[in-house]
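Trainee: How does the following fold in three dimensions:
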Amino acid sequence: MKRLWLLYFPLLFLPNFGLSKETAFGVLEVSDWLILPFLILLLVAPAAKYAQLVTRQRTLLWAFAVWALLSTLSIHFRYDYLDDVPLLLGCCLKLARLVLYVAAGILITKRLSDAGVRREWAWSLLGALVMLSIGLLVSAGGPDTEAVGTLTGYKSYNAIVVSVAILSAYVAGLWIDNVFGRKWNRCAGLALLFAVSSVLLSTSHATRHGRGGWVGLAAGLAYIFYKRTANLKILGVIALVGVASFTAYQSLPTFKSFVDMTLSNGTESSSLGVDDGARLSTWSEEAPKFVRAPLLGTGFYHRGGESGLWTSGSHNFFIQMFLETGALGGILVILLFFLAWRQASGDASVRNKVHLATRAALVAAVVGGMSGEYYYGGIGVLVLFASQALAGSLPTTSLASPATRAHFDLRWRAAS
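Mentor: Numbers count the residues shown, from 1 in each chain. Sure thing, here's the model as predicted:
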């Protein structure tokens with residue numbers, strides 16, 4: 001029972017299989033039904049009895065949640081709606097959903113208290129990557145099956161591809177540094193191959209291409225290559241992705257058209273001759289609206305209507321946080337990523353060989369987040385925090401004696 005959450009975790013990434021439910025406030029996916037039992041399993045599991053690095057993020061997380069709530073509740077006083085109760089309720093529910101998934105990520109970190117749990121967690125991550133890959137294959141289809149894919153697969157195809165990119169970059173980093181041993185490495189290689197293949201096969205048409213995920217994965221792998229240029233494994237991973245992409249380009253007409261469209265100089269392309277999905281023009285249109293509400297923002301997920309923001313968003317998570325939660329909210333988000341980056345480069349992370357994987361996942365997450373608002377809650381933000389869990393579970397250097405840290409490191413290495 002105490003480790004049942006490790007078996008349960010991959011189930012959070014189950015595709016919808018027609019069980020999603022449209023509500024007045026958005027779509028409830030299978031993961032939204034499963035997250036509460038998962039939190040209960042985490043609460044009954046034993047937690048670490050030492051101070052962890054993740055505790056340093058709590059202040060920033062609480063500050064963002066409180067500020068976002070204040071910004072949202074202030075909508076009533078700042079905008080002229082005849083009836084703003086449904087709007088406030090919807091925005092608050094969006095924020096509550098984010099809090100649930102972030103809480104799950106933090107609780108996961110707190111439960112990684114010994115070598116055995118960390119080893120099992122590594123297998124659980126592979127299970128999640130495989131489950132996401134299966135979900136992408138379930139979502140595959142042409143334009144005439146897009147509605148069916150949304151019901152049986154996931155609500156947002158692009159968000160799932162970004163999640164696969166983050167998790168793939170993370171697994172690749174652990175694999176290259178041989179953190180969890182030969183058996184895990186063999187399975188990790190197969191899982192990565194399956195993930196790349198599932199993305200290639202599920203790329204069906206222009207409205208579900210997942211370019212942000214592709215660019216994020218490329219950035220994550222590029223970071224690994226930069227740090228491990230002499231490692232034959234990273235050359236193998238890059239060669240694998242290259243061969244798979246070339247094969248898909250030659251054999252899958254839909255993927256070929258997606259690549260040709262991206263590299264064409266069409267009406268929605270950037271000045272560089274590469275189709276950016278109108279991202280740059282969208283950013284330039286939406287970002288200046290920050291001056292309309294620089295302190296509080298428009299309110300968490302307050303778009304359209306009196307907000308003046310596009311209902312479709314800016315297609316950039318970081319810009320959107322500044323627009324919706326103001327300067328303080330946006331800065332807090334940037335600081336959270338910066339703190340995660342610093343923790344991943346600490347002595348403990350380097351000794352335990354998780355710094356490369358954690359930073360590669362962060363690179364993929366940042367680049368992927370620049371193509372869409374994928375971390376409002378749900379699978380995207382859960383994968384983001386899950387990829388930081390091993391590094392976050394390390395003890396704080398300020399609260400642990402050298403002898404305790406050495407003992408912790410030895411137990412960690414015994415798991416690999």
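Trainee: Low-confidence stretches in the stretch 51-200 of the chain?
Mentor: Residues of the stretch 51-200 of the chain that meet the criterion pLDDT under 70 lie in 139-153.
Trainee: Could you pull out the helices in it for me?
Mentor: 55-73, 75-78, 85-111, 115-138, 146-152, 157-176, 181-202 (DSSP state H, counting those that start in this stretch).
Trainee: Mind giving me the packing neighbours of the fourth one?
Mentor: Judged by 3 or more C-beta pairs under 8 Å, 6 or more residues apart in numbering; DSSP states H and E, the packing partners of helix 115-138 are helix 4-8, helix 157-176, helix 181-202, helix 379-386, helix 389-392, helix 402-415. Backbone N, C-alpha and C define where each C-beta goes, glycine included.
Trainee: Wasn't Tyr376 part of a helix?
Mentor: No. Using DSSP: H, G, I helix; E, B strand; the rest coil, the assignment for Tyr376 is coil, not a helix.
Trainee: how much space between it and Arg111?
Mentor: 24 Å (C-beta to C-beta, to the nearest Å).
Trainee: In terms of neighbours, single out the busier of the two.
Mentor: Arg111 (24 against 21; other C-beta atoms under 10 Å).
Trainee: wouldn't the more buried one be in contact with Val117 here?
Mentor: Yes. Using C-beta atoms under 8 Å, Arg111 is in contact with Val117, at 6.5 Å.
Trainee: before we move on, back to that, who wins for proximity to Lys21 among the helices of the stretch 51-200 of the chain?
Mentor: helix 146-152 (10.3 Å; C-beta to C-beta).
Trainee: quick check, Asp32 in a helix?
Mentor: Yes. Residue state for Asp32 (three-state DSSP) corresponds to a helix.
Trainee: quick one, what contacts it?
Mentor: Arg97, Gly378 (C-beta atoms under 8 Å, 6 or more residues apart in numbering).
Trainee: Secondary structure element holding Leu39?
Mentor: Using DSSP states H and E, Leu39 sits within helix 30-44.
Trainee: buried set for that helix?
Mentor: Neighbour counts over helix 30-44 (16 or more other C-beta atoms under 10 Å) mark Val30, Ser31, Asp32, Leu34, Ile35, Phe38, Leu41, Leu42 as buried.
Trainee: With Gly305 as the reference, measure out to the residue sitting furthest away from the middle of the chain.
Mentor: Distance from the centre of the chain peaks at Leu82, with 36.8 Å (C-alpha atoms, centre = their mean). Look at Leu82 and Gly305: by C-beta to C-beta, they are 11 Å apart.
Trainee: same thing with Cys92?
Mentor: Cys92 is 16 Å from Gly305, by C-beta to C-beta.
Trainee: more crowded one of these two?
Mentor: Cys92 (18 against 15).
Trainee: was I right about that one contacting Leu69?
Mentor: Yes. Between Cys92 and Leu69 there is a contact at 7.3 Å, judged by C-beta under 8 Å.
Trainee: what sits in contact with each of those two?
Mentor: Common neighbours of Cys92 and Leu69 (C-beta under 8 Å, 6+ apart) are Phe300.
Trainee: Backbone dihedrals for Gly26, both of them.
Mentor: Main-chain torsions, Gly26, degrees, to the nearest 10: phi 130, psi -170.
Trainee: go on, Val54?
Mentor: Backbone torsions of Val54, given as degrees, to the nearest 10, read phi -60, psi -20.
Trainee: my guess is it contacts Ser393, does it?
Mentor: Yes. Counting by C-beta under 8 Å, Val54 touches Ser393, with 6.9 Å between them.
Trainee: what touches both of those two?
Mentor: In contact with both Val54 and Ser393: Thr109, Lys110, using C-beta under 8 Å, 6+ apart.
Trainee: thinking again about what came up before, send over the helix holding Leu39 as PDB, restricted to the C-alpha atoms.
Mentor: Below are the C-alpha coordinates for helix 30-44, written out as PDB (Å, rounded to 0.1, in the frame of the first residue of the first chain):
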ATOM      1  CA  VAL A  30      -9.400  10.900 -17.300                       C
ATOM      2  CA  SER A  31      -6.300  12.300 -15.500                       C
ATOM      3  CA  ASP A  32      -8.600  14.800 -13.700                       C
ATOM      4  CA  TRP A  33     -10.700  11.900 -12.300                       C
ATOM      5  CA  LEU A  34      -7.600   9.900 -11.300                       C
ATOM      6  CA  ILE A  35      -5.600  12.700  -9.600                       C
ATOM      7  CA  LEU A  36      -7.500  12.800  -6.300                       C
ATOM      8  CA  PRO A  37      -7.000   9.000  -5.600                       C
ATOM      9  CA  PHE A  38      -3.300   9.500  -6.500                       C
ATOM     10  CA  LEU A  39      -3.000  12.300  -4.000                       C
ATOM     11  CA  ILE A  40      -4.500  10.100  -1.300                       C
ATOM     12  CA  LEU A  41      -2.000   7.300  -2.100                       C
ATOM     13  CA  LEU A  42       0.800   9.800  -1.800                       C
ATOM     14  CA  LEU A  43      -0.400  11.100   1.500                       C
ATOM     15  CA  VAL A  44      -0.400   7.600   3.100                       C
END
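Trainee: Between helix 85-111 and that helix, find me the angle.
Mentor: Angle of helix 30-44 versus helix 85-111, following axes from the mean of the first three to the mean of the last three C-alpha atoms, to 10 degrees, is 50 degrees.
Trainee: And helix 30-44, how far out from the chain middle?
Mentor: 18 Å (C-alpha atoms, centre = their mean, to the nearest Å).
Trainee: of all the buried residues of helix 30-44, which comes closest to Thr298?
Mentor: Asp32 (24.5 Å).
Trainee: mind checking how far the closest one is from Thr23?
Mentor: 10 Å.
Trainee: Same question for Ile160.
Mentor: 21 Å.
Trainee: what about the two, which has more around it?
Mentor: Ile160 (29 against 9).
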